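> sequence first, predicted model second:
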Amino acid sequence: MELQQAMSLRRSVRGYNGKKVEREKLEDIIKAALLVPSWKNSQTSRYYVVSGEETLSAVKATLFPYNKANTELAPVLIVGTVVPNVSGFNSDGTPSNEIGNGWGYFDCGLQTMNLLLKATELGLSTLVMGLRDASKLKSVLNIPVSESVVGVIAVGYSDISPEMPPRKSVCEIARFYEK
């Protein structure tokens, strides 16, 4: 699959058929995330890949009701975190610019997009969710206090193909300076 095709086909899918996702595919999507550049190559994103029934059930319990329903048959949830106070900071601990910790979250977002595109290429559907209970997630997965939970990504096979919602035009979101 070409990159343009993956970008055009990728959707936020809110329904899965429960089919197990192969471990090799899960490793491939994490490897794709690792290819992304990060602030000073700090690589502060971390991923907790959950497919075991008991832990999966516990992680789903940390989601808000809407997302619990959306992921009822999702066989995998990936919890993405960042290690704050590294990306966007000088060696003395001061922020490199006004964004500070925003760079770690930015890097995690870039990695997430690669992860989503690779999943699409491999025939998997995904849904990125921000509505979750971070403290419960940390407890369930033993996520270190030094990491901040960013989001939860459902991964699985789906029997549905949602339409792409309307997108803004280039002229609505971009300014070109050609002088």
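That came through fine. Numbers count the residues shown, from 1 in each chain.
> burial count for residue 151?
18 (other C-beta atoms under 10 Å). The way it works is simple: take the backbone N, C-alpha and C, and place the C-beta from them, glycine included.
> average pLDDT for stretch 86-100?
For stretch 86-100, mean pLDDT rounds to 93.
> mind checking the SS state of residue 127?
Three states are possible here, and by DSSP: H, G, I helix; E, B strand; the rest coil the one that applies to residue 127 is strand.
> quick check, pLDDT for it.
Reading off the per-residue confidence, residue 127 sits at a pLDDT of 98.
> contacts only, for it.
Contacts of residue 127 were listed using C-beta atoms under 8 Å, 6 or more residues apart in numbering, and they are 12-14, 67, 70-71, 74, 153-154.
> tell me which of those residues is nearest to residue 113?
Closest approach between the contacts of residue 127 and residue 113, by C-beta to C-beta: residue 153, at 11.0 Å.
> what pLDDT does the closest one get?
In this prediction, residue 153 carries a pLDDT score of 98.
> now swap in residue 1 and tell me
Each residue has a pLDDT score; the one for residue 1 is 89.
> check the burial of it by counting its neighbours.
As a measure of burial, residue 1 has 12 neighbours, counting by other C-beta under 10 Å.
> against residue 28, how distant is the closest residue to it other than its chain neighbours?
Of all residues not flanking residue 1 in the chain, residue 121 sits nearest, at 4.6 Å (C-beta to C-beta, 6 or more residues apart in numbering). Counting by C-beta to C-beta, to the nearest Å, the gap from residue 121 to residue 28 is 9 Å.
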